[in-house]
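J.: Sequence first, then the predicted structure, then my questions.
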Amino acid sequence: PLLGENGNPFPEPRPKAPDVNPEIAATRFAELAMGDVLMELALGQLVKQNGETKSVRDYAHRMVTNHTAIQLILAKSAAASGVMLPTDLTPEQMQVLERLSAFSGEALDREYLWEQSLRQPRTMAMYRWQYDNCDDDKLKVFVVGTTPIIQVHTRIADELHKKVNAQEIRLIVTGK
């Protein structure tokens with residue numbers, strides 16, 4: 001809802017995204033990228049099952065489909081480079097997933113897109129830096145092939161976020 005408890009017209013603050021320094025070694029990038037993949041799979045499944053808006057569920061379906069493929073390609077690239085990848089969500093990611101799991105329908109759609117509006121630019125920055133600076137040939141191939149997909153995810157998430165959360169964004173920006 002647009003009004004919080006006690007009739008507050010401003011939405012409850014959402015958790016801030018942790019800062020991610022994109023200037024990271026290729027092996028650490030692979031670990032973080034796989035963590036991101038696991039999170040996108042979990043969030044996408046949640047929204048596919050419990051979201052309401054067709055465009056948001058379609059986006060979640062795209063995220064699951066694309067990240068399933070990204071997971072396989074990244075695992076192969078990382079194995080060729082001798083990088084061990086995570087297989088589970090971090091405690092921080094679990095907290096986000098649990099928070100979003102408390103919602104369903106349109107409320108889940110809105111919260112998911114707020115989360116994506118924080119996640120996608122960070123992910124894009126990480127991929128861009130690796131695209132320009134990756135020092136591992138096998139992982140560089142992964143980055144070059146995956147960056148355009150991440151760009152599309154970022155663009156679609158931004159468009160959907162502006163549409164689905166238009167009233168709340170307007171309240172935050174204008175105070176009206």
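T.: Happy to help now that I have it. Residues are numbered from 1 along each chain as shown.
J.: so what's the residue sitting nearest the centre point of the chain up against?
T.: The residue at the geometric middle of the chain, judged as the C-alpha nearest the mean C-alpha position with CA atoms, centre = their mean, is Arg119 (4.1 Å). Taking CB atoms under 8 Å, 6 or more residues apart in numbering, we find Arg119 in contact with Ala17, Asp36, Met39, Glu40, Ala157. Glycine gets a C-beta too; all of them are placed from N, C-alpha and C.
J.: Let me see the contact set for the third one.
T.: What that stands for is Met39. Leu89, Gln93, Val96, Leu97, Arg119.
J.: tell me which residues of the strand or helix carrying it are tucked away?
T.: Counting by DSSP states H and E, the element that carries Met39 is helix 26-50. For helix 26-50, the buried set under the neighbour-count rule, 16 or more other CB atoms under 10 Å, comprises 26-27, 29-44, 46-48, 50.
J.: cool, and stretch 72-88?
T.: The neighbour-count criterion (16+ other CB under 10 Å) identifies Leu74, Ala75, Ser77, Ala78, Ser81, Val83, Leu85 as the buried residues of stretch 72-88.
J.: lowest average confidence, helix or strand, in this structure?
T.: Least confident element among the helices and strands of the chain, by mean pLDDT, DSSP states H and E: helix 166-174 (a mean of 81).
J.: Any buried residues in that helix, and which?
T.: Residues of helix 166-174 classed as buried: Glu168, Ile169, Leu171 (neighbour count, 16+ other CB under 10 Å).
J.: Make JSON lines from these and add distance to Ile70 to it.
T.: Shown next, in JSON lines, are those (distance: CB to CB, whole Å):
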{"residue": "Glu168", "distance to Ile70": "30"}
{"residue": "Ile169", "distance to Ile70": "29"}
{"residue": "Leu171", "distance to Ile70": "35"}
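J.: Just name the closest of those residues to Glu115, please.
T.: Of all the buried residues of helix 166-174, the one sitting nearest Glu115 is Glu168; the distance, using CB to CB, is 13.7 Å.
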